[in-house]
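*Asks:* need a structure here:
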Amino acid sequence: MDSLTADILVVGGGTGGTAAAIQAARRGRANGTSVILVSELPWLGGMLTSAGVSAPDGNELEAFQTGIWGEFLKELSRRHPEGLNQGWVSFFTYNPAVGAAVFADWVAQLPNLQWISGERPREVLRQGDRITGVRFDHITINATLTLDGTELGDLLALGNVPHRWGWETRDRWDEPSAPVSLRDPTDPLHKITQQYPIQSPTWVVLMQDFGEDTAPKIDPPSADFTISNVEGSSFEGAWAKYGDEDTSAGEMCLNYGRLPGNLLMINWPHKGNDYGIGLHRLIESDAARAQYGKEAQQHSQAFAHYIQTQLGNRYGLASEIFPKTASSLGGAFALMPYYRESRRLIGMKTISEQDVLPAHDSSENKEKSAVRTAALPLNEQGEMEAIAFGNYANDHHYPGFEMPLAPKSVRWGGRWTGTPFTIPFGALIPETVDGLLVCEKNISVSHIANGATRLQPAVLGIGQAAGMAAALCVEKTCEPRTLRQNHIPLLQHALLTDPTAPTAVVPLFNLPPTHPHWLSIQQQYLAHPQNYPLSGHHTFHQKEQVQPILGTIREKKLQPPANARKPSQKSQPISIKGIFSRDEDNIYQLHQTTVANLPKSISLVTIRSEITEAFSTLQTNQPVHVLGTWNSAGKWLLCCALETL
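*Replies:* Numbers count the residues shown, from 1 in each chain. Below you'll find the model as predicted:
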């Protein structure tokens, strides 16, 4: 068996592992730090690409688009001239093959980063309490520092690193949404906890809108697939709660994940293709995991068959999107399941539900609430140790059940968004083992809080921070726990000042990365975390050159696409004049008659802080002029500029 040696070994080409390898190599390029990234699959990017979840959730606001996440969005926009604002579940949807190409191109640009695909980890090498490398199918790699970026935390099990799997009861961390007991049949969550040890994965399948043409017939699953709950009847009512006078319920279901090129991401949670049968098999054996994957793909095929049967032959399976592998059908079927939960490290710091919720009740979650963020985390030395952040709502998937969860959403920019929280560096470091960092969904987090930390942009941020930390450990010749004890400010400064993809570590709704004082304001809260505003809004001083809220819009004679199924060749903003209105729930509308092929009443949304601040000050019946991109799936105008008339 061949043997290699590297300064940093990243195992797993998922969302976090890919970001970690790229960041470690970028940081270490000048001083010759060698990085090896080993993946099982031929694509990099994990959830964002190989799992087909090309409609990411969370960190959607302009101020939160920093680091590798922001860099990824910019490159996707460049490669998708028709725009990313196609579906209604996310402001950013894209062809997953394009996303995979972005990551592959970035890796290829780094001469000190070697990518090896087609290998699975088989043994973790240890010397006492220190990880020293990993043996794969055909190669052994020794490394100064190893990063576990596997989808299910495989290195934790192989290396006997203490970890968790499944639920914790309320008495463990006093989490408001956790079950009181895992054994008491009268506990309100008893049925969920007994049926689902972790959240249900989904095997994403891509369909295509063939328009006027007839799509090829989708066959039902093979005859040997007889699990009762995947019969067509189980899907009945999948989209019953959706639709309106202009759009059928079925079409709205498909528009949920509409991608460029008339592709449709099928990742539907309501009586759809989540597959939660026999989840213990995911960590039982290779054969058991493979059998689960086969069933999950057939379950998604059954759902796609049901969609075509119910909604017509205009909708069929996409072709030649994903490569075929030993474990995937390829074509329309993703390369792997969308895993929502993993084995979870027992780390130096564990993130619980309270760590992702607003610091205290937020006055009915109205837009003007005083508290809209979680508190910043402090380590044992009293240093603020945030190294990444997310903002998605706590979202759990258990087919057949609705999981009651403490709310963590606010109205912002005309829609709901999640309240921000941060990831402490201690959640990436094993409590008792050296030579190892984790960088995926396998961080030290409770089962309940994982519902918020697991989302793709947050995991990209976790991976970027892990990669930067690994590179700094090589530079300092120290262990991650020593870096945490002695050099947290160094790690945070390195993330903030990375020359390629500087990333925020303190979430602020109104501090976009383009602000001229972005860096100094971030550093201000690192130095004085006690001054962090729990509203998530920085108060700008005169010297910080506050950007104007309202500006002049240059007239543009642009029209929206007449039909959502025939997108324009280039995403362009639309200039519209009309009458602004708002209701008590801070839903914003534009009543217009100037653009004939748009509705007379248009929902206004934004991801820009100056626009949402302007919305909050405008009065109903105020004439306005707005500029934005039209989304016919969500029936909203994503506003990028606004002026009063």
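
*Asks:* please parse the protein into its domains.
*Replies:* Here the domain parsing of the chain from automatic domain parsing is 2-165+346-535, 205-317, 574-644.

*Asks:* pLDDT weak spots in the stretch 251-400 of the chain?
*Replies:* The model of the stretch 251-400 of the chain has pLDDT under 70 over residues 361-369.

*Asks:* same check, this time on the chain
*Replies:* Applying pLDDT under 70 to the chain flags residues 225-233, 361-369, 545-571.

*Asks:* so for it, the centremost residue is which one?
*Replies:* Nearest to the geometric centre of the chain sits Q456, at 2.0 Å (Cα atoms, centre = their mean).

*Asks:* can you tell me the closest non-neighbouring residue to that residue?
*Replies:* In space, and not counting its chain neighbours, Q456 is closest to P56: 4.3 Å by Cβ to Cβ, 6 or more residues apart in numbering. The way it works is simple: take the backbone N, C-alpha and C, and place the C-beta from them, glycine included.

*Asks:* surely that neighbour and R454 touch.
*Replies:* No - if you go by Cβ atoms under 8 Å, P56 and R454 don't touch, sitting 11.8 Å apart.

*Asks:* name the element S520 belongs to?
*Replies:* For S520, the element it lies in under DSSP states H and E is helix 518-527.

*Asks:* return that helix as CSV; C-alpha atoms alone will do.
*Replies:* Extracted C-alpha coordinates of helix 518-527, given in CSV (Å, rounded to 0.1, in the frame of the first residue of the first chain):
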residue,chain,number,x,y,z
TRP,A,518,-16.3,46.5,7.9
LEU,A,519,-13.0,45.2,9.2
SER,A,520,-12.6,47.8,12.0
ILE,A,521,-16.2,47.3,13.2
GLN,A,522,-15.7,43.5,13.3
GLN,A,523,-12.5,44.0,15.3
GLN,A,524,-14.2,46.4,17.6
TYR,A,525,-16.6,43.6,18.8
LEU,A,526,-13.8,41.0,19.0
ALA,A,527,-11.9,43.3,21.4
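
*Asks:* what are the buried residues along that helix?
*Replies:* Residues of helix 518-527 classed as buried: W518, I521, Q522, Q523, Y525, L526 (neighbour count, 16 or more other Cβ atoms under 10 Å).

*Asks:* out of the domains of the chain, which is closest to P188?
*Replies:* P188 lies closest to domain 2-165+346-535 among these, at 7.6 Å (Cβ to Cβ).

*Asks:* neighbours around the closest residue to S352 other than its chain neighbours, how many?
*Replies:* Setting aside the residues directly before and after it, S352 is nearest to W173 in space (Cβ to Cβ, 6+ apart), at 3.8 Å. Other residues lying near W173 total 17 when counted by other Cβ atoms under 10 Å.

*Asks:* any idea how far W173 lies from G418?
*Replies:* Plainly put, W173 is 20 Å away from G418 if you go by Cβ to Cβ, to the nearest Å.

*Asks:* now swap in Y338 and tell me
*Replies:* When Y338 is compared with G418 (using Cβ to Cβ), they lie 19 Å apart.

*Asks:* for S34, same thing?
*Replies:* 38 Å.
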